[in-house]
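Participant: heads up, no residue letters with this:
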């Protein structure tokens, strides 16, 4: 992975696209790490008899993401949509292992 350069320093489209590809790779790596934490959540929820879906936590995660997006100047509605998909995927993954489905 190479060091990212600021968008305004990209001199042409191929260079800009390389930077976007680098960011995409970083995002996939971060999502993979997040999935590892979901795997640990599965273990802990199973040990405690907790369900995969904890509605208050779902809304807390979404609210946190919306706040961070707004602070960063990114559209909170966009982030909410993406995070809801991410959270639902995580809950489905947990539910399969916890045997709720």
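Facilitator: Looks like it arrived, so ask away. The shown structure was predicted, so the numbers you read here are calculated from the model rather than taken from an experiment.

Participant: make it CA atoms for all contacts and neighbour counts henceforth
Facilitator: Will do.

Participant: which parts of the chain are helices?
Facilitator: For the chain, the helices defined by DSSP state H cover 13-48, 55-72, 76-98.

Participant: including distance to residue 4, could the ones you listed go into CSV?
Facilitator: Compiled in CSV, those are given as follows (distance: least, CA to CA, whole Å):
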stretch, distance to residue 4
helix 13-48, 6
helix 55-72, 18
helix 76-98, 22
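
Participant: deepest-packed of those, please.
Facilitator: Ranked by mean neighbour count, those are led by helix 76-98 with a mean of 16 (mean count of other CA atoms under 10 Å).

Participant: that one packs against which elements?
Facilitator: Using 3 or more CA pairs under 8 Å, 6 or more residues apart in numbering; DSSP states H and E, the elements in contact with helix 76-98 are helix 13-48, helix 55-72.

Participant: still on that earlier bit, save the helices of the chain as a markdown table, and put in mean pLDDT too.
Facilitator: What follows is the helices of the chain, written out as a markdown table (pLDDT from 0 to 100):
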| stretch | mean pLDDT |
| --- | --- |
| helix 13-48 | 96 |
| helix 55-72 | 98 |
| helix 76-98 | 96 |
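
Participant: distance from the chain centre to stretch 11-19, please.
Facilitator: Centroid separation for stretch 11-19 versus its chain: 25 Å, with CA atoms, centre = their mean, to the nearest Å.
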